[in-house]
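>>> Show me how the following folds:
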Amino acid sequence: MKDIGIVICNFNKKEYILNCVQSVLNAKGDNYDVFVVDNASTDGSAEALAEQFGHKITLLVNEENLGGAGGFDTGLEEVLKRDYKYYMLMDNDILVDENAIVSLYDFLEDEKHKDVGMVGSKVYFMDEPDVIWGYGGKIDFKDYVQKDQFKNMKDSDAIPETFYCDYVAACSLMVRADVVKKVGIMPKENFIYWDDMEWGYRFNEAGYKVCVYGKSKIWHKAGGRNAGNTFIHYYMWRNRIRFFLKVLKPEQREHFADTILTEMFRMIYSVNLKGENNIIKTLMYAFDDAVHGVTGKAKEGRILNRPQVPNRVEMACAGKKSMLIRYNGHMEGLGNVIQNIRKFAPDMKIGVSCDRCPETATLLMEQYPNCEVITEYKPEHYDGHLIMCDHIFKLAATDATDSYIDPWCNVIYSEDDFVYAKSFAQTRDLFVMCKKILLLDNAVIIKHPFDRE
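Numbers count the residues shown, from 1 in each chain. Alright, predicted model coming up:
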């Protein structure tokens, strides 16, 4: 009997899943069996898998799309019937390094790590193979959000080889079978998103550490955030709200309501400025479903198309050949801003001023060798400038006199933008007051075995 049961979940990504499975079969070691769960794909994935790999894998085909969480659980339920020591989960759009599997196995086999129940790989962007897509994360119980660690950073010796965290991405993780039997399988009711975060939370609450291990490397295509619809907005918000309603103490829920509704309104106010009204509709559906305990696959009409709208960062940079970004310490956000500018102006001269955090200069020069990193703020040396902030609508009305950009590439730069921003606070307070009543008085709250009391 082999020690590892690998479960790979697929839905309508025939080319990716074939490449993924081949990379797994080419990896070092032979101490594993491969189970591929196909979520009722319509692109011929199941047939292609059977034809190309035959008896080399066990193919499980669901009658309907159960989402990432449901697909993984189909595989976990199968491997639980067998006497494996470890289970490994993988997404269909990854390629694994030859040492990816054996590195995680050796880590868990080491007696020094017997208190670790879950370990994940270092995940890179497939299209930028030295830039980190994910390397574990923390669940913030102050702002009620997940925070991915090291995202958008180039790999370097400054990034730890082992990092203990609250969750790791399910695109490549290994767990102890005996711990899964205690903690349970993934929350399939999520369908997708926040399932791996909740699973990691349960492991930690049950007393088993969660970490990432840098010697295990994979490359992830990960295009969900750039889809032309509101898929990610629905599931991320619905499942996030449900997660915190489940795990918070009753006396914490009012603070949660104030915080999450304020953030939701900031997003609504931001996308309204961009003209993306379908995101607003989906957010309201997600909120309503979270409050009323709706789970699983979204109802018809919840996921909407995102019509093409002008790129407001491009509008702010129009007519300029050079742009200075005043860095505020948000590394992932800086990466988002630079990537956005490079898409429409690949040759633009970009400067990064780290005058507010000069200790980061060396790191920034290493991360962005094609940008000019300066330790003094000298906007007069550039055609334009953008000041990074936590969120454009966290600014006080009196601050809105310059050009600002936040980690999500929301930008305010024109006189009309500043007029719009001045109405934010009053409108936000009305929104929070109305929605808070619904959230606190009507929420369907489901408890789980390892939730806080």
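
>>> Next one: the residue of the chain most remote from its centre relative to V411, how far apart?
Within the chain, the residue lying farthest from the chain centre (CA atoms, centre = their mean) is E380, at 36.8 Å. As judged by CB to CB, to the nearest Å, E380 and V411 stand 21 Å apart. (Glycine included, C-beta is placed from N, CA and C.)

>>> got any ranges where the stretch 201-350 of the chain has weak pLDDT?
Residue ranges of the stretch 201-350 of the chain with pLDDT under 70: 223-226.

>>> which residues of it fall in helices?
231-247, 253-274, 277-291, 312-317, 331-344 (DSSP state H, counting those that start in this stretch).

>>> most packed of those helices?
Ranked by average neighbour count under the criterion mean count of other CB atoms under 10 Å, the helices of the stretch 201-350 of the chain are headed by helix 231-247 at a mean of 22.

>>> Remind me what it packs against, helices and strands.
helix 195-205, helix 253-274, helix 277-291 (3 or more CB pairs under 8 Å, 6 or more residues apart in numbering; DSSP states H and E).

>>> let's see 6 Å
helix 277-291 (3 or more CB pairs under 6 Å, 6 or more residues apart in numbering; DSSP states H and E).

>>> Put the alpha carbons of the helix it packs on into PDB.
C-alpha atoms of helix 277-291 as PDB (Å, rounded to 0.1, in the frame of the first residue of the first chain):
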ATOM      1  CA  ASN A 277     -23.100  47.900 -11.700                       C
ATOM      2  CA  ASN A 278     -23.300  44.100 -12.100                       C
ATOM      3  CA  ILE A 279     -20.700  43.700  -9.300                       C
ATOM      4  CA  ILE A 280     -23.000  45.700  -7.000                       C
ATOM      5  CA  LYS A 281     -25.900  43.500  -7.800                       C
ATOM      6  CA  THR A 282     -23.900  40.300  -7.200                       C
ATOM      7  CA  LEU A 283     -22.600  41.700  -3.800                       C
ATOM      8  CA  MET A 284     -26.200  42.300  -2.700                       C
ATOM      9  CA  TYR A 285     -27.100  38.700  -3.700                       C
ATOM     10  CA  ALA A 286     -24.100  37.400  -1.900                       C
ATOM     11  CA  PHE A 287     -24.900  39.300   1.300                       C
ATOM     12  CA  ASP A 288     -28.600  38.200   1.200                       C
ATOM     13  CA  ASP A 289     -27.700  34.600   0.700                       C
ATOM     14  CA  ALA A 290     -25.000  34.600   3.400                       C
ATOM     15  CA  VAL A 291     -27.500  36.100   5.900                       C
END
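
>>> quick check: angle from it to helix 253-274?
160 degrees (axes from the mean of the first three to the mean of the last three CA atoms, to 10 degrees).

>>> contacts for helix 277-291?
Helix 277-291 has contacts (CB atoms under 6 Å, 6 or more residues apart in numbering) with 230, 233-234, 237-238, 241-242, 268, 271, 302, 304, 306, 438-439, 442-443.

>>> how about those residues, which pair is most distant?
Greatest spatial distance among the contacts of helix 277-291 (CB to CB): R306 and N442, at 29.2 Å.

>>> Now the residue most central in space within the chain: closest residue in space that isn't a chain neighbour?
In the chain, the C-alpha nearest the mean C-alpha coordinate belongs to D148, at 6.9 Å (CA atoms, centre = their mean). Among residues not flanking D148 along the chain, G137 sits closest, at 4.5 Å (CB to CB, 6 or more residues apart in numbering).

>>> And the pLDDT for the one you found?
You'll see G137 listed with a pLDDT of 97.

>>> beta partners for it?
D148, Y167 (DSSP bridges).

>>> what domains does the record give for the protein?
4-222, 226-309+424-442, 312-419 (automatic domain parsing).
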